[in-house]
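**Student:** Kindly return the folded structure for what I paste below:
(2 chains)
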Amino acid sequence: MLHRPKTLLIFALALAFGASLLTPQLNPYHLDVILTIGINIVLAVSLNLLNGYTGQFSLGHAGFMAIGAYGSAAFSLFATPVLFPHANAWVTHACFFFALLLGGFIAAGAGIIVGAPSLRLKGDYLAIVTLGFGEIIRVIFRNVDSLGGALGLNGIPFYTNFFWVAFWVIITIYMVLALVHSSFGRGFLAVRDDEVAAEAMGINTTRYKIIAFVVSAFFAGIAGGLYGHLKSSIDPKGFDFMRSIEIVVMVILGGMANTRGVIVAAILLTILPEILRPIAEYRMVIYSLLLIILMLTRPQGLFSFRARPQPPNRA
Amino acid sequence: MNGPLLKLDTCTIRFGGLTAVSNLDFHIQPNELVGLIGPNGAGKTTVFNLITGVYQPTEGRIEFAGQPISCMQPYQITGHGIARTFQNIRLFPSLTVFDNVRVAFHLHLLSGVSHAWWRGKAFAQEEKEISDQVIDLLRIFNLENHRHTHANNLPYGDQRRLEIVRALATRPKMLLLDEPAAGMNATEKVELMNLIQFVKDKFKISVLLVEHDMQVVMGICQRIAVLDYGIKIAEGPPDQIRSDPKVIEAYLGE
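**Tutor:** Below is the predicted model:
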């Protein structure tokens, strides 16, 4: 990490703003792919805090994403037009920002609820509980008629643009890295490596796990909001189990606890299905094959150049 | 401070029908080096786990520096000044030597999540202070050259030493060592004895040592307690323990 992370952050945000002025030149299809990449980076990097750095294997990221998507979409659809009927561009985008935050915070709240069982469960068991959580969220949204039921919410305004996606990508990466690269943040890695030893070193493991769940869920919620305002329609099916798996694959392929690798993996795994579009029906076969090959040849992750650490002795 | 640093008052712990430790009275004075010995399964590690809060006593109470600690979480007990090592080394294997020690400074951190994000002056200063202290500690124990090595790549003896350094980084008043000589050869044992003596004098702390190796225990402990089937059968200075008929029968052998 560079020496002046805050300067770097401001510089990156300025660059994002500058770049966003050029986006009208882009072909809409390419822009759509780029924005999807950005959203996937937010998802994968935030999940990496939980799965990679803290070692709490969660399969419920799509659930948090759904909460954020529905929360922010509902605000944009039902609240903004009432509050500001004749808003100009600045006000609508300020409202969008607020809507995203709202979605993020509701998701973070859900993160506390899901984080609670994780204090007692480990590994596979936690994965199953979070998987169950994701499905419950999906079923709830399917059955709430005021949120569109199985049809979902449609006609969400297209607020997601290059700037907002770049903004949240930068913020997510900064927040996760700044957290982990601090004396406080080393505690996340300690919890992952050996919980008993961490506890014996005075680390409140409960607190760390909850923080990881909350921060991770918050950004998943933000990503959900961006996704909803990009596609203009969301429905419960879009946030199913497969969605969570996609994000987990990005994290594993990039190399657990390796943010750079996870970002590259998110880019690759978003572009790959697009590149393979011409061969239509074989697309997913090749995609899956590539995944298998990658896992066989680089099990420690694409960009991890150190062998994966041995699990601690538990004699 | 007057009175003992650690005091176990008629502590009993039962697991179902099994009484692992029964009516144990035990204390440690400030800056005292005490050994706890006994045959396998006598309840030595259970006593450790009672003191460090992994288990709670079924009956009796435990006091540390005058405060009851028997219903605290392990991390809170560490916060009160008891640090430990483990029988089977439990370092953070994927963290560097430096980070292993840095994590143990956790208790004395002022900055949390918000500081890590904001990265203001106070944060930078604290990070620097911690980093200096970690390096000082590593230097004292000759681990400085390994500072960027991952803990699981260290040689065995260094791993043992690092575990002690990490425990010291929590700034304890008392250090619990669970079989630190296990798997060491004669030379390493002598080094370990010197190390324990050195730690006790340099950091002015009490040490409780659970150990099977009689050479080590008899060599450095000021006082020894002997457990057998969860009951304390003898307690006293090394010479007295060596000639105690009950101890010879239960543990030392003829």
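**Student:** tell me which parts of the stretch 1-150 of chain B are close to chain A?
**Tutor:** Where the stretch 1-150 of chain B comes near chain A, counting by CB under 8 Å from any CB of the partner chain, the residues are B:52, B:54, B:73-75, B:78-79, B:83-84, B:86, B:88-95, B:99, B:102-107, B:109, B:111-113, B:115-117, B:119, B:123, B:126-127, B:130, B:150. To be clear about C-beta, it is placed using only N, CA and C from the backbone, and glycine gets the same treatment.
**Student:** Show me which of those are buried.
**Tutor:** B:52, B:54, B:74-75, B:78-79, B:83-84, B:86, B:89-95, B:99, B:102-107, B:109, B:111, B:113, B:115-117, B:119, B:123, B:126-127, B:130, B:150 (16 or more other CB atoms under 10 Å in any protein chain shown).
**Student:** Pull up the residues of the stretch 151-254 of chain B that are close to chain A.
**Tutor:** Residues of the stretch 151-254 of chain B lying close to chain A (CB under 8 Å from any CB) are B:152, B:166, B:167, B:169, B:170.
**Student:** List only those of these flagged as buried.
**Tutor:** When those are checked for burial by 16+ other CB under 10 Å, the buried set is B:152, B:166, B:167, B:169, B:170.
**Student:** shouldn't residue B:209 be in contact with residue B:219?
**Tutor:** No. Here residue B:209 does not reach residue B:219: they are 10.7 Å apart, not a contact under CB atoms under 8 Å.
**Student:** Show me which of these two is the more surrounded one.
**Tutor:** Neighbour comparison, residue B:209 and residue B:219: the larger count goes to residue B:209, with 24 against 15 (by other CB atoms under 10 Å in any protein chain shown).
**Student:** can you tell me the average pLDDT over stretch A:54-65?
**Tutor:** On average, the pLDDT along stretch A:54-65 is 93.
**Student:** Helices of the stretch 201-315 of chain A, start to end?
**Tutor:** For the stretch 201-315 of chain A, the helices defined by DSSP state H, counting those that start in this stretch cover A:205-231, A:241-254, A:259-275, A:283-297.
**Student:** Residue A:107 versus residue A:68, what's the distance?
**Tutor:** With distances taken as CB to CB, to the nearest Å, residue A:68 is found 4 Å from residue A:107.
**Student:** Which residues are in contact with each of these two?
**Tutor:** The contact sets of residue A:68 and residue A:107 overlap at A:220, A:221, A:222, A:224 (CB atoms under 8 Å, 6 or more residues apart in numbering or on different chains).
**Student:** so who does the third one touch?
**Tutor:** It refers to residue A:222. Residues counted as contacts of residue A:222 (CB under 8 Å, 6+ apart) are A:42, A:68, A:100, A:101, A:103, A:104, A:107, A:168, A:172.
**Student:** now those residues in a markdown table, with distance to residue B:29, neighbour count and secondary structure?
**Tutor:** Formatted as a markdown table, the contacts of residue A:222 follow (distance: CB to CB, whole Å; neighbours: other CB atoms under 10 Å in any protein chain shown; DSSP: H, G, I helix; E, B strand; the rest coil):
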| residue | distance to residue B:29 | neighbour count | secondary structure |
| --- | --- | --- | --- |
| A:42 | 57 | 26 | helix |
| A:68 | 58 | 34 | helix |
| A:100 | 60 | 28 | helix |
| A:101 | 57 | 18 | helix |
| A:103 | 59 | 33 | helix |
| A:104 | 54 | 25 | helix |
| A:107 | 54 | 32 | helix |
| A:168 | 58 | 23 | helix |
| A:172 | 53 | 28 | helix |
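**Student:** from the residues you listed, which single one is nearest chain B?
**Tutor:** For the contacts of residue A:222, the closest approach to chain B (CB to the nearest CB) belongs to residue A:172, at 12.0 Å.
**Student:** give the contact list for the closest one.
**Tutor:** When contacts are counted by CB under 8 Å, 6+ apart, residue A:172 touches A:41, A:42, A:45, A:46, A:219, A:222.
**Student:** Mind telling me what element the spatially most central residue of chain A is part of?
**Tutor:** The structure's chain A has its C-alpha centroid closest to residue A:43; by CA atoms, centre = their mean the separation is 1.5 Å. Taking DSSP states H and E as the criterion, residue A:43 maps to helix A:28-48.
**Student:** Just the angle for that helix relative to helix A:259-275, thanks.
**Tutor:** Interaxial angle, helix A:28-48 versus helix A:259-275 (axes from the mean of the first three to the mean of the last three CA atoms, to 10 degrees): 140 degrees.
**Student:** Just want the most central residue of chain B.
**Tutor:** residue B:176 (1.7 Å).
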